[in-house]
Each structure stands twice: as C-alpha cells, then as structure tokens.
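Visitor: The sequence and its predicted three-dimensional model are supplied below.
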Amino acid sequence: MSQALDDRSESIRMIRDSAGAVAPRGGDTKRVRALRFTDPGFDKGVFAQMGELGWIGLAVAEDAGGAGLGMSEAVALTEEIGAGLAPEPLIPAMLSARLLAAVEDKALLAPLLEGGKVLLTAWQEKADTLAVHGTSDAPRVFIPMAAGADAFLLPVREGNRIALHALDAAGADVVLERTMDGGNVGTLRADLSRASRVADDVGAVLEQALDEAALATAGHMLGLMEKAFEMTLAYLKTRQQFGRIIGTFQSLQHRAADLKIHIALTRAAVESAAAVLDSGATGAVRQAAVSKAKARAAESGLLVLRQCIQLHGGIGYTDEYDVGMYLRRGMVIANQYGSATLHRRRFMALAPEDVE
Amino acid sequence: MSQALDDRSESIRMIRDSAGAVAPRGGDTKRVRALRFTDPGFDKGVFAQMGELGWIGLAVAEDAGGAGLGMSEAVALTEEIGAGLAPEPLIPAMLSARLLAAVEDKALLAPLLEGGKVLLTAWQEKADTLAVHGTSDAPRVFIPMAAGADAFLLPVREGNRIALHALDAAGADVVLERTMDGGNVGTLRADLSRASRVADDVGAVLEQALDEAALATAGHMLGLMEKAFEMTLAYLKTRQQFGRIIGTFQSLQHRAADLKIHIALTRAAVESAAAVLDSGATGAVRQAAVSKAKARAAESGLLVLRQCIQLHGGIGYTDEYDVGMYLRRGMVIANQYGSATLHRRRFMALAPEDVE
Amino acid sequence: MVSIAPKETQDLNQMEDEAFRLHVRQWIEANYPADLRNPPKRLHWDENKPWYFKLAEKGWLCPGWPRQFGGLGLAPAKQIIFTEEVERYGCARTNDHGIVMVGPLLINHGTPEQQEYFLPKILSGEHIWCQGYSEPNAGSDLAALRTEAVLDGDHYIVNGQKIWTTLAMDANWCFLLVRTDKNAKKQEGISFLLVDMATPGITVKPIINLEYHDEFCEVFFDNVRVPAKNLVGTPNRGWDMAKALLSFERIYLGSPRLSAYAFTRLRQLAERMGVWEDAAFQETYGRLRLDLEDLKSLYGVFVDKLRRGETLGADVSMLKVFQTELFQRITDTMLEIAGENAGLLEPMEGNRNLNPTGLYIQARPATIYGGSNEIQRNILSKNVLGLPG
Amino acid sequence: MVSIAPKETQDLNQMEDEAFRLHVRQWIEANYPADLRNPPKRLHWDENKPWYFKLAEKGWLCPGWPRQFGGLGLAPAKQIIFTEEVERYGCARTNDHGIVMVGPLLINHGTPEQQEYFLPKILSGEHIWCQGYSEPNAGSDLAALRTEAVLDGDHYIVNGQKIWTTLAMDANWCFLLVRTDKNAKKQEGISFLLVDMATPGITVKPIINLEYHDEFCEVFFDNVRVPAKNLVGTPNRGWDMAKALLSFERIYLGSPRLSAYAFTRLRQLAERMGVWEDAAFQETYGRLRLDLEDLKSLYGVFVDKLRRGETLGADVSMLKVFQTELFQRITDTMLEIAGENAGLLEPMEGNRNLNPTGLYIQARPATIYGGSNEIQRNILSKNVLGLPG
C-alpha cells in the first residue's frame, strides 16, 4: 500500500504541479471572489481547461479517453482544488465521466472529458444519503453548480436495474439555491419524456462513482484545511497584541498543534483510502475505506476551519479576509456525498473488528 | 428559590462549620489513609460522632428525632465530607434514617440516628440503577461499606408494595470487594427467614430517599472537585519548571479556568436542585432536579479530578500525594445512585421543554 | 433634571413580581412587531426604530436609569424580569449603546451640562450612539489603542481609526476612547470623548462579515475637531470608566438566550431532517440540554447577586465563555445533521426557523467579541484563580 | 566483536515479509507464557525474565542491533513486523532499557572497551538497566537536572537524586544523566554515566503509584564513586545523545497498541454491562473506533518512514499526543458505562478482561510520562509549526 504510494509519487507530484495553473495555492482569490453569486457561479473556460488537463477523466481508463490514473492522484488534485478554492464542479464532472466511460457512451463522454460540456448526474432524492433510489418522478436535489449544467444524467430505477437517461439542461425545470460559498445547488424536476436513454444498468458503477466522489470530496476538504491552517499560522506569526506576536501565546500554540494533528489524521485517512481503492478493492472494503476518510474529513474539516476563524479573531469574521471563504466552502462540501454520521455508521456496519 | 437559599445561609454555614470537626478541609489525610484497606474501612467512633452531630438525621423531622433540616444543608454537609475524604457511610445511613423515620420505627431509628448502629439499606440488584425491584431472593449488590454494617434494611416486593425487613449483619452472607479508595462494597445474599419485618410499604419513601442520596452524592462529588482543584491551584502557584512557576503557562491557566467553570456549573446544579427539593417538590419535578445535578456532578466531577492529576504531573500519579485520593474516591461515587447517562436520560424523559 | 418624564405613572417597583412580569409581557406582546421576533441578523436603525420609539413613549427605554434622569428607577430584581421578558419574546436588540453605556457613564461621571444635554436625547431617540473602542492593532489588547486626541484651544483634534464599531452607520454620536497622553503608561493617558458623527473628517466604512451583513464598521478620524467640553470625567482616566462599563456586556453575553434560542431551532431542524427519534441524536441533544439548563442555573446565581444589588466580580466571565461555546456547539450539531442544507446561504424552504447556516455563522464571532474567550480565560486565571501573570 | 552470536542462522532479512511474520508469530505463540498476555501492570524482572531469556537464547532480544554487536541486523521493515507481532500477542514489555537505550548508545558513542564489556551482558541478561533521567525539580524541564558528578582522580563522585526511575529495584546497572559542569549553560555540562547499582551510596526507594504498584522509584546518590571510564561519549555532551535516544520512545508511545487493547476491552465491558446494543453507546464506540483506525493510519505513515530508513522528525509527537489521549478517552468511556464497578479495586468477577478501573488508572500517566503532552504540544508548535518561542 505504501509501496504503491511511493511508486506513484511522481504522478501525484505532476498532478499537483498542473493544478497550480488553475487553482494556485499561493495565488489571490480575485477570480474566485468575482465568480461568487454570479450565474453559473464558475468559469466555463476554466472548466474546459480542467478537461484539457485531463482532470475530468483522471480516473477514466486511457482507452476510453481518460488519463488512466487513480484515486491517489484524484485526491491530490481535489486537495489542490480545495486549497485554491476553485468553484468549478470538477468532482461532479468526474462522477459523470466515470458513468459514461463505464457504459461506453463516447458521444456524451467526449465533450465532457474535454470540458466542453458540463454534465451533472442528478442522482440524489433527499439530503445526506448515498442511496440511489432512481424514483422516476422524484425531484433530484442538491445538484452542485446546477446553474452551469449543459445536461443532466438521470438514473432511473427499473426493477433491480438503474437505467441512465440524459436530459438537456435547456428547458429543464431547475430551481436554484445559493450556497454559502457563492455557488449554487439545484433541484431538478425532470421530464423523462424529454430525456434520452443512455444505458440499461449503471447501478454498480454509480455506487462506485459515488464512493469515489465522496473520497475526492474528502480530499477537497483536506485542501481547505491545509490552506486555511497555513494562512492561520502565517497570521499567528505576524499579528501582534499585548506587545507580542500572538503566536507566542501558549494557548494558541497548543490549539494550533491540535489542529495540525487533525490535519495529519485526515491526510492519513484520505491517502490510505485512496491507496485501498487503487489496489482494486471493491464492496465492503472499498466502502469502509471511503467512509473512514469521509467521516474524518467532514468532522475534522469543520473543526479545523472554524478554529482558523477563531485564531484570526475579528478579522477572520470579515468577508474581506480570505480565511472565511474556506469555512464557507467547508460548510458546502462537509456533508456532500454523506455526512460524518452517515459515513461513521456505514463504516461500523461494514468494517469487521479484530476481536480476539 | 434563591430567597429560600438566603434564609438558610445561616444553617448552611453552621453545618459547614460543624463538619470541620470531623472532616477538616485543611487537615491532613492521616486518618483517612490509616483506614484504607482495613475492615470495616471506616471509624465507627467517627460514625457515632456524626450521629451525635445530628448528621445522620439531618433531613429527618425534629419530632422523629432528626435535625429537621433539608437538602440545602445536606449537600453542604456532604460537600464538606467529600472535601475531607471521610470514609464513613454517611449518605447510606441518611438513606436508612429516611426510611425508618417514614415508617416510624423508633427502635431501629434511634440507635442509627445516634450513630450507635450502622444500618445499610440493601436495595440494589444490579449496577447503575435507581429501580427497586425488591426481588426476595436476589442478591443485593454494591452496598457501600458493608463490612461495617450492624444490620441491613431489605426492601422486598409484595405485589405493588415494597415491604421492609431488617436483618442482623452477624451471620449474614456478605461478600466484600475492595474499592479504589480503600473502602469496600458488599453483596448480600439475604436469608429472609432470619429477617424481621419492619414495614408494609416503603416504595414511595424509598424512591424519594434514593433521590436524596443521589443529590447528596452529587454534593459529595462537588466537595472532591473543590478540594482537589484547590490543591491543584496551590501546586500551580508554587511548582517551578523551566525556571518559571508553572501556573504562568497559559495552556495550564486556561485549563484551570475551564475546570473552574465545571465546578461552578456543578455547584449551581447541586444547590439549585437542593432548593427545589426543599421547596417540597415531588414526582417528576424532584426527579428532574436531582438528575440534572447528579448527571453534572458525575461527568464534570471525573473530568475535573482527572485533570487535577494531569496538572500535577508525575507527582499526581503517586499514592503518597493526596490528590490521587480524590480521583479514587470520585471513581467510587461517580456512578453511585445512578451514572451520568442514567440521570441524563431520566432528566430528558421527565423534564418538559419550553417549546414555543 | 431632564425634561422627559416616564410615561408609566404607577411605581412598578411596588408591584408583585409576577404581576409585573405579566404587565411587561402583555405590553411587549401587544407592541413588539411580530415579524421581527428573533431576527436572524442584528437589525439596522430603520428596522428597529419603531420599537425603540414604542419603548421610549412608554418610558421603558431605560428602565434602570434613576428617575431624576428620566429612567424608571426600576429595582434590580424588576430589571431582571424586564430583561427576561424581552428575551423570552425574542425582541431584537436595539441600537442600545446610548441606553446601556453612555447613559450610565454620564450619570456617574458626566457634568450636569453633559447630563442635561445628552440624556434626554437618548431617551427621545434623537441621539443614536456607537462605541469607538477597538482599533486594527488594539483588539484583544484594547489598551494599545492609538487614536489620538490633541488639545488645540477649546477643541481636541482627533486622528486615527476605529474598527468593529457596531452599527456606526446608524449612529449620529460616538463615544470614543482616545489617547490624550502619549507619554503615559499604556492604560493611563486614555480619555473618553463624545463625538458628533456629523463632524467633518469622519468616514464610516461598513465591513461585510461572514453573514454577508454590515453589522460592523471601520470609522476613520482625520483631523476631527471635538469640543473639549465633550470629554467625560477626568482627562487620561478613561480606561477605568471603560472597564467598569464592560460589566454590563459580560453578563449580557453570558445570558442563555442565544443558546436557548438555537437549541429550540436544533429540535425543529432535527424533526425536519428526520433524526429527532434517533437515539444517538437524542444523547447529543440531552447533553446540550443539560449544558443549557446548568448554564441557566449558573446565570441565575449571578442574576441573584444583581437582584441583591451586589456588584459582579470577574467570575462572570465564566458565563460568557460557557454560553458562547455552548451556542457554537449547538450550531455545530445543526450543521452535522443538516445534510447538504449545511451549505445553503438562505434558510431552508424559506422558513426562518430552519436556518442552520445562519445560526452557525452567527455563533462564530460570539467567542471573539466582547473580549475573546482567550481573554476571558486569562481574566479567570488571573483575577479569579489568582494564578500568576 | 562480541562473543554471543545470534542463534538464528538463516538471514531473516532474506525472507518474504509474510513468511517472516508467520515465523515470528509461531515462535511467540509457542514460547510466550500465556498467563502473561496483556498484563494489567508493568512486570517486574522476576516475572518477565523467563521471556527475556527465551528471547536471548533465540537471539531475538536485540533484533535491531548490528550483527557484529550480537544483534540480528534486522532491516527496519522486518523490525516493524517483529514489533507488530510482539504487540499483537500482547507480550509484556521487558526490562528493555539495555536493549533499546544503552545498546544503541554504546554502539554509536561507546569506546570499544565499553562495547566489549557491556553489550554481551545485555544480550545475556546479566545486566538489567534502568534510566536515571528525571529529578524532583527536573521533570518536564529535564535539562534543569542537578545530580552532579565531580571528577576525583579516575572516578566521578556522584551526588543527587533521580525520580520516576522505572523498575530501578530490578536493575543492576543505571545509565545516568549528570551535571559535570555547573558553570556551563543548562543543556551543556551534562554527561552520560554508566553506574553499577551495587556501588555503595546508592539507595533505591520504590514509589507506590495510583495503581498501588511500585513501577517507579526514587534513586538517591550519596558520594557514589563511578569509574571515569564509564562516561559515554564526550564529557558535557550528554544532552544531545539523550535527546537522540528519545526518538525511540516517541514512536513507541505513539503505537496504537494500548488504545487498541483498551478498545477491545471496552467492547467486552459494554457487552457485560448490557449497553452494547444501545444506539448511543454505539455512536460513542464508533467515534472511538474511527479515532483508533485513523491513529493506525497515521502511525502507518511514520512506520513507512522508518521502513524506508528515514529518521523521524519532531512531528512524531503527534502520535504520542493523540494515542495517549485516545487511550484515556476509551477508558473514560469504560468508567461511564461500568456503573458501580467504576469504583472497584480489582477486575470485575475476577476476570482480567473486565478491568475498567485498572485500565483507567493505567491510562492516566500516559499523558505525563515520556515528555508530558503539554511538552509534546510545545514541540509541535515550535519545531513543526515554527511558531515563535
């Protein structure tokens, strides 16, 4: 597992480097700020760039037009995306690409992989779930960045199978809600008569794709934590009160140490889960690894982000200062693809204990 | 409620003063240490003194031979007992006195009130409960300081009623276990044919007496917390490391502040509950007040006591230094008359919310 | 002294507590605008001035002020009931700096001229005050403030910058801590100055906060001329007065009302999300409930002291610490159970009672303002526990 | 150099990992005394010496030492497997200071004479070592130690007192940090001295701890004459050597084994107390489980570094902090569910697996010894996060 990680360190490094072009860690937040509360809330040009860089098809096999990489690279990438606060719906797009590649629908897949079309999968019928009911007439909710969708992929249950339909976004009944980070989520009331059938059964691959999205989201959260904490450390090292650098106050030092531990635990959980998936794990092993990582990321993520606000004091509570944007993004993604509680319980239900 | 407290401040002060004679707050722990791991684990002479001071019958009406005081005085007293670590089974004796006074059995009550006889009520059939099943042939467990009992009071269910029997300790089948603080608890397998019937139904008064014992135990815990914290503050103010008084380290200062808050919450919960009982509350109101106090005391109590060990460092982990004795006593009483979880759940089941 | 007499002619102090409570409650229910109950954000003056004027008209704006200054001279025990009822109904906090800060300051330290000029204008709502304390480099370390006032004839010339000035855009007067002696030790050399916000040289710049709300402002002072007679008390002795005024804030911030309000909303959210019956949620909820109940008990201990007319000590900081962190823990729990609603900008389903994100964000600064919880713990450590510097 | 050759003739480094693991496991299961698995307290020498000699005989006592010094020269990856198997089976920690501290110290810094004299006697079990570091006023602040050694001809005269000396009553040798230059700066002027515990002037006094167990001792030195040739390395340069040796301790204390062991016992206790099926308990249990699993993942990150032959940095302190506090949280939960058993001195029902109070007490010092968690957080803050002094 760690050996596998070693072997991949080069591809992971390259992915991280390439991320700098789009979501520079050290860059300013001008682009991100300008997109907030606009429609569609992200930059389709940047989305296209993500496609060109091979990110949307990162985990899609090379012969299907993807980059043929794995989850170790994916979480490194989403970590960078998080650190740079890029608002483009990369993880939802990766999910759609995984589906279309599995069913070998090149007509839909190609423009998605290139970033020319934004295809979002409208799988969710209620909050905090990973279950795909596929109820044909149920509204599909919490579709991230739905304002920018060119088309929706719609899983619909037919007996024991989950068929996949595609529906053009133009003319679709989508109600948008703003999110804390300035993006949006949509509720789609799909008219299936306007949709075209793509595949007969995507049940298994959708389950896998949702696990991958959950893990990628944990990586995204890790990026938020790392970057917000980095900003906080920098602040602690420069801000003065009572004639001292506030980073010399032991209570703040110890809190920072605790946050560092949470970040380290999250990284260990996320990267080890990615290695498990890359080793080809399926079923309960895959699900347990993902749930362990996502539960940690959701819980430690919000903990770290809110403490970063606290350690900044008043300035952390202003919109002008960037650290708050990390908390806001964290609020949006914490429970996406399952809350900490959902994943903790799934883990407990799946993962056997070494009982003597 | 607070007015009532004001009126009683004088009787409370007197009780606290009188406690100093037996369990001096500032005194050494020589007496307490000498009694540890002996039989019966406490001093019958001191128990008698407690009787003479009117403590065993503190809440028993004056015309029944008691002091006619209330729970506000009782929790002040048990707080002092806790601070002084006195091992005598005062709270169990008060419980027995409450029963015997209610059923007006003066022959048994008088020697108990005087402290001449140690009468312990063997009501409990399993761990962590307040329920009195009164199963006639069930072993009665966790009888505090059973090694020193002269007789046991035995509630036995007869249909809807709980009869009370008395059983001489001599010849009774009692198995003792040592407790962390050097005391003991006993399991009694009673032979009812050797017992004498005291009363036909003590169900209601026993329920009340158990509530009072739970609240008195919360007061006992408060005393442990206060005294251990006082020792810890003194240590923080004198111990040097790195060329500084360790109490100047901010991380320790802030932890001490948090412990102080827990102590203040516990005191507020215990004293307000005592005032509720003294106002004559019955049923759910009484039970809710008691449970609120006992849940807080059990949880904040252990938290404070274990942090006091931590703040002492290595010396806190030695038997020679007194602070560890407070943790040990805390372990013994934390779950007596119901754990934090039991009381939290009872509170939730009983106490209505102010829902708009 | 002042001209506005309280409208309430009966002596409220003579009423039985429960009768008084009912009296207050009924009047509030009849007069407080229903759509402004428990507002999710701090209200601006144009929103809450109808209520302010209602209170003023009734003579209940400043119940604690002595009667000779236009207050009701309400006894502490009655004031507490009054506050409890205001909080119970979820009345918005008004622009109350004049009432709770400037009034008591002038009553205790003002000249007769200052009292006669300013107090009636607070009572009438003509003057709305803001508080110029914090500065960019003097937040937790307030005594490090650098805004300076230099005497020039019969005026002070004020230069500097304040920050976190609550609702400064709504205020027409500001009470300001300024440095009047640069050579004195930090806490000495600070004075209290009353400044007309219309004076040339003052710029107010709202700060958008994490609620996307402009509750706070920066206020810039560029050669602002303030009449010397607007200095309160003794020059260079402003620090002690400022500290004394904070006692109000500490008990106010320790009031269980925010936690109690959030707790009610937690239940509604749990029911909506379908987790109310979940045993593990019930355990979490029960813990928070007991924390809230014990906070109420501890708050009661301090309120009893006030009721007996005692002054509160530094230990009141315990309330601020526990209340604000409980408020945060309740809203943390909201986010955990809210599913994807944890990311929404607006209340769920347009229902203001289902607003986990709003309350979550609102709870964040509670541990920062009014003296951060780190500062409160320093105070507890030093002034209550006697731990060394 | 030394005379005892390892008994294991095959080169274990050549074995496949899994084969090696099985090899070790089978041997442990065949040789470790079953009644000593997971002992509730640290064992004394008379209890664990049979196992010590078994290991010595097999040549597995010091698997990490180079072959030329009598070790197995086991590669880091194999050493980790070896340790994992020892921990998996719950083997008691031996009196291992000679093995993990003195051995590496002498191999790196000892003279050939010291190596030749001492190393074989560790391998044979003839010398059992204890560690003389802490003093009554030099605990967390170890560099403040005052036990002094003054050169007198070819001997040092040692005077002073050590404390928290683990199992000193079982040891016949002690490696001691002493002050050899009182005028130098704190960390300078400290030397490493090897002392025969039979030397006149040494008094060992056991300390009874909260487990009512005598694991630790005070050791008094009254004009103890130690041959000057027993000084290790350069005089006054002992501090750096001592610090380097601590890296073993930090990863050892961060190992999940204690938490994992306690966690297993938590389940057994929950089943016995009838709360195992309780949904709220399950939630608590699940949180602890994930903490434990993530600790294992993080531990794995550090172990991987060792496997690659890298040196661990100060960030290994994260493991110690999280592991010890998790251990405590698990045992805190035990006490909460144990009912009145939370007060018993002995295991419940004579069953060593139902021992909530024993584990609870055992977990207390974990956050104190090996550098208290406060010190570990200081280290993290300064050496990992780069926060200023």
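Guide: Yes, it's here.
Visitor: Going by C-alpha atoms from here, please, whenever you check contacts or count neighbours.
Guide: Noted.
Visitor: Return the distance of A:Gly20 relative to A:Glu73.
Guide: Noted for A:Gly20: a distance of 14 Å to A:Glu73, by C-alpha to C-alpha, to the nearest Å.
Visitor: The two: who's more crowded?
Guide: Using other C-alpha atoms under 10 Å in any protein chain shown, the more surrounded residue of A:Gly20 and A:Glu73 is A:Glu73, with 28 against 16.
Visitor: Can you tell me the closest non-neighbouring residue to the more buried one?
Guide: Nearest-residue entry for A:Glu73: A:Ile12, 5.1 Å, with adjacent residues in sequence omitted and distances by C-alpha to C-alpha, 6 or more residues apart in numbering or on different chains.
Visitor: Also A:Thr318?
Guide: Excluding the flanking residues, the one nearest A:Thr318 by C-alpha to C-alpha, 6+ apart is C:Asn209, at 4.0 Å.
Visitor: Run a quick neighbour tally on the one you found.
Guide: Using other C-alpha under 10 Å, C:Asn209 has 23 other residues around it.
Visitor: Can you give me every residue that contacts C:Ile80?
Guide: Counting by C-alpha atoms under 8 Å, 6 or more residues apart in numbering or on different chains, C:Ile80 touches C:303, C:307.
Visitor: mind showing which ranges of the chain have poor pLDDT?
Guide: Just so you know, I chose chain A. For chain A, the stretches flagged by pLDDT under 70 are A:1-7, A:354-356.
Visitor: try chain C instead
Guide: Residue ranges of chain C with pLDDT under 70: C:1-10, C:247-248.
Visitor: Just the element for the residue most central in space within chain C, please.
Guide: Nearest to the mean C-alpha position of chain C, counting by C-alpha atoms, centre = their mean, stands C:Glu249 at 5.8 Å. Taking DSSP states H and E as the criterion, C:Glu249 maps to helix C:238-254.
Visitor: Also C:Asn223?
Guide: Here C:Asn223 is covered by strand C:216-227, with elements defined by DSSP H and E.
Visitor: Just list the residues touching residue 322, thanks.
Guide: Using chain A. A:29, A:316.
Visitor: oops, I was thinking of chain C
Guide: Per C-alpha under 8 Å, 6+ apart, neighbours of C:Phe322: B:261, C:254, C:295.
Visitor: where along the stretch 1-150 of chain C do the strands fall?
Guide: Here the stretch 1-150 of chain C has its strands, by DSSP state E, counting those that start in this stretch, at C:129-132, C:148-152.
Visitor: The residue in the stretch 151-300 of chain C that chain A sits nearest to and A:Glu320, how far apart?
Guide: The minimum distance from the stretch 151-300 of chain C to chain A, using C-alpha to the nearest C-alpha, falls at C:Asn209 (4.0 Å). Using C-alpha to C-alpha, we find C:Asn209 at a distance of 8 Å from A:Glu320.
Visitor: shared neighbours, these two?
Guide: What both C:Asn209 and A:Glu320 touch, as defined by C-alpha under 8 Å, 6+ apart, is an empty set.
Visitor: related to what we said a few turns ago, now do the buried residues in the helix holding C:Glu249.
Guide: Within helix C:238-254, the residues that count as buried by 16 or more other C-alpha atoms under 10 Å in any protein chain shown are C:238-239, C:241-242, C:245, C:247, C:249-251, C:253-254.
Visitor: wouldn't C:Val219 be in contact with C:Val158 here?
Guide: No - look at C:Val219 against C:Val158 with C-alpha atoms under 8 Å: they stay out of range, at 11.9 Å.
Visitor: Looking at the two, which one has more neighbours?
Guide: When neighbours are counted by other C-alpha under 10 Å, C:Val219 and C:Val158 differ, and C:Val158 comes out ahead with 26 against 22.
Visitor: What residues does the more buried one make contact with?
Guide: For C:Val158, the contact set (C-alpha under 8 Å, 6+ apart) comprises C:147-150, C:178, C:221-226.
Visitor: rewinding a little: dump the buried residues of helix C:238-254 to a markdown table, plus distance to D:Pro104.
Guide: Formatted as a markdown table, the buried residues of helix C:238-254 follow (distance: C-alpha to C-alpha, whole Å):
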| residue | distance to D:Pro104 |
| --- | --- |
| C:Gly238 | 65 |
| C:Trp239 | 61 |
| C:Met241 | 65 |
| C:Ala242 | 63 |
| C:Leu245 | 64 |
| C:Ser247 | 61 |
| C:Glu249 | 61 |
| C:Arg250 | 58 |
| C:Ile251 | 60 |
| C:Leu253 | 58 |
| C:Gly254 | 57 |
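Visitor: Can you pull the residues of the stretch 101-250 of chain A lying near chain C?
Guide: For the stretch 101-250 of chain A, the residues in contact with chain C (C-alpha under 8 Å from any C-alpha of the partner chain) are A:127-128, A:142, A:177-181, A:240-242.
Visitor: For the closest residue in space to A:Leu53 that isn't next to it in sequence, pull up the helix or strand it's in.
Guide: Nearest residue to A:Leu53, sequence neighbours excluded (C-alpha to C-alpha, 6+ apart): A:Ser18, at 7.7 Å. Element membership of A:Ser18, judged by DSSP H and E, is helix A:2-19.
Visitor: Roughly how far does the residue nearest to A:Thr318 sit from A:Arg345?
Guide: C:Asn209 is 36 Å from A:Arg345, where distance means C-alpha to C-alpha.
Visitor: Please apply the same query to C:Arg237.
Guide: As judged by C-alpha to C-alpha, C:Arg237 and A:Arg345 stand 60 Å apart.
Visitor: one step back: switch the contacts of C:Val158 over to CSV; also include neighbour count and distance to D:Leu61.
Guide: Compiled in CSV, these are given as follows (neighbours: other C-alpha atoms under 10 Å in any protein chain shown; distance: C-alpha to C-alpha, whole Å):
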residue, neighbour count, distance to D:Leu61
C:Thr147, 23, 71
C:Glu148, 23, 74
C:Ala149, 26, 77
C:Val150, 19, 79
C:Val178, 27, 73
C:Phe221, 20, 76
C:Asp222, 15, 78
C:Asn223, 18, 80
C:Val224, 21, 81
C:Arg225, 23, 84
C:Val226, 22, 84
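Visitor: if we can go back for a sec, and the residues of the stretch 101-250 of chain A next to chain C near chain B, which?
Guide: Near chain B, by the rule C-alpha under 8 Å from any C-alpha, you find none of these.
Visitor: which among these end up buried?
Guide: Buried subset of those (neighbour count, 16+ other C-alpha under 10 Å): A:127-128, A:142, A:177-181, A:240-241.
Visitor: residue boundaries of the strands in the stretch 151-300 of chain A?
Guide: With DSSP E, counting those that start in this stretch as the criterion, the stretch 151-300 of chain A has strands at A:151-158, A:161-168, A:173-178, A:184-189, A:196-199, A:240-241, A:244-245.
Visitor: Make TSV out of those and add distance to B:Ala273.
Guide: Formatted as TSV, the strands of the stretch 151-300 of chain A follow (distance: least, C-alpha to C-alpha, whole Å):
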stretch	distance to B:Ala273
strand A:151-158	58
strand A:161-168	59
strand A:173-178	47
strand A:184-189	49
strand A:196-199	66
strand A:240-241	43
strand A:244-245	46
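Visitor: Quick one: closest of the ones you listed to B:Val285.
Guide: For the strands of the stretch 151-300 of chain A, the distance to B:Val285 is smallest for strand A:173-178, at 45.8 Å, taking C-alpha to C-alpha.
Visitor: what's in contact with the helix or strand that the helix holding A:Ser18 is followed by?
Guide: Sequence order places helix A:30-35 as the next helix or strand after helix A:2-19, per DSSP H and E. Helix A:30-35 is contacted from outside by A:41-43, A:85-87, A:182, using C-alpha under 8 Å, 6+ apart.
Visitor: Tell me the backbone dihedrals of A:Tyr337, please.
Guide: phi 60, psi 30 (degrees, to the nearest 10).
Visitor: That one touches A:Leu130, doesn't it?
Guide: Yes - with contacts counted by C-alpha under 8 Å, A:Tyr337 reaches A:Leu130, the gap being 6.1 Å.
Visitor: Among the strands of the stretch 1-150 of chain C, which comes closest to chain A?
Guide: With C-alpha to the nearest C-alpha as the criterion, chain A lies closest to strand C:129-132 of the strands of the stretch 1-150 of chain C, at 15.1 Å.
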